[in-house]
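Asks: Predicted coordinates and the sequence they were generated for:
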Amino acid sequence: MAQQARTPRRQARGERRIQEILDAAAGVFAEVGYEAATTNRIAAAAGISPGSLYQFFSNKEAVAQALADRFVEQMGRAHREAFESGDDLGALPLPEMIDRMLDPILAFNIANPGFKALFARPDMPAGLAAAARPIQAALAGRVEAVLAARAPGEPEAERSRRARVLIQIFQAMVPLVTSAREDEREAMIAEVKKVLRGYLEPLDGR
């Protein structure tokens, strides 16, 4: 009975340790790049010995794959929260629509400041760098669907172009939010939303 009681606690400790290693790896990969990163450096950032790291991951590649899987799962969850609330986003007032779409995705980026830096690095293995592409492609389709509901008469090619521009504007401004001081972050988020409202308001006037 005592052994059975200890097992869940050990499993919980092991899961916490894995997440601590992945948190440390995200920082190391984003700071020095994939090629320069080592398991020793990741272990040091996690505050553990290399031997402890090897209890959970056999090598650097395994750490990076687990990190990519975690990022992709969290990013997919944020996108589902943004676009699958059950409401017709295209029918909402523009400020509310932008809030619903942006808040979960901004929360993901704030919680994972190393995400963009990590996956944008040219030295990341192609397989890992490609891990997020299906979700990013799905994001473009979701944005197009919202725009189609908001302006059903807009030509498809124009709507697709507008969605791509909208996503690029947002992605370019995300670092301003993630790097902002805590007391400045809400104001910066408001500025990002103001820019996107300015881009989309002419669509409502059609």
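Replies: That came in fine, so what should we check first?

Asks: Output the contacting helices and strands for the helix or strand hosting residue 177.
Replies: Using DSSP states H and E, residue 177 falls within helix 156-178. Using 3 or more CB pairs under 8 Å, 6 or more residues apart in numbering; DSSP states H and E as the contact criterion, the neighbours of helix 156-178 among helices and strands are helix 94-111, helix 114-120, helix 133-150, helix 185-204. For glycine as for every other residue, the C-beta is placed from the backbone atoms N, C-alpha and C.

Asks: thinking in terms of the whole chain, how far from its middle is the last one?
Replies: Centroid separation for helix 185-204 versus its chain: 20 Å, with CA atoms, centre = their mean, to the nearest Å.

Asks: what residues does that helix touch?
Replies: 94-95, 98-99, 102, 106, 110, 147, 150-151, 154, 162, 165-166, 169-170, 173-174, 176-177, 180 (CB atoms under 8 Å, 6 or more residues apart in numbering).

Asks: re the thing from before, could the helices and strands packed on helix 156-178 be laid out in a markdown table, adding mean neighbour count and distance to residue 33?
Replies: Shown next, in a markdown table, are these (neighbours: other CB atoms under 10 Å; distance: least, CB to CB, whole Å):
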| stretch | mean neighbour count | distance to residue 33 |
| --- | --- | --- |
| helix 94-111 | 17 | 20 |
| helix 114-120 | 18 | 9 |
| helix 133-150 | 16 | 20 |
| helix 185-204 | 14 | 27 |
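
Asks: Lowest average confidence across those helices, which one?
Replies: Within these, confidence is poorest for helix 114-120, with a mean of 71 (mean pLDDT).

Asks: And for the helix holding residue 177, what's in contact with it?
Replies: By CB under 8 Å, 6+ apart, the residues outside helix 156-178 that reach it are 102, 105-106, 109-110, 113, 116, 139-140, 143-144, 147-148, 151, 154, 185, 188-189, 191-192, 195-196, 199-200, 203.

Asks: hmm, try it at 7 Å
Replies: Here helix 156-178 makes contact (CB atoms under 7 Å, 6 or more residues apart in numbering) with 106, 109-110, 113, 116, 139-140, 143-144, 147-148, 185, 188-189, 192, 195-196, 199.

Asks: and of the helices and strands packed on helix 156-178, who's closest to residue 50?
Replies: Residue 50 lies closest, by CB to CB, to one member of the helices and strands packed on helix 156-178: helix 114-120, at 21.3 Å.

Asks: what's around residue 52, how many residues?
Replies: Per other CB atoms under 10 Å, the neighbour tally for residue 52 reads 13.

Asks: Also the one 10 residues further on?
Replies: The tally of other residues near residue 62 (other CB under 10 Å) stands at 13.

Asks: need the contact list for the spatially most central residue of the chain.
Replies: Nearest to the mean C-alpha position of the chain, by CA atoms, centre = their mean, lies residue 75 at 4.4 Å. By CB under 7 Å, 6+ apart, the contact list for residue 75 reads 108, 132, 135.
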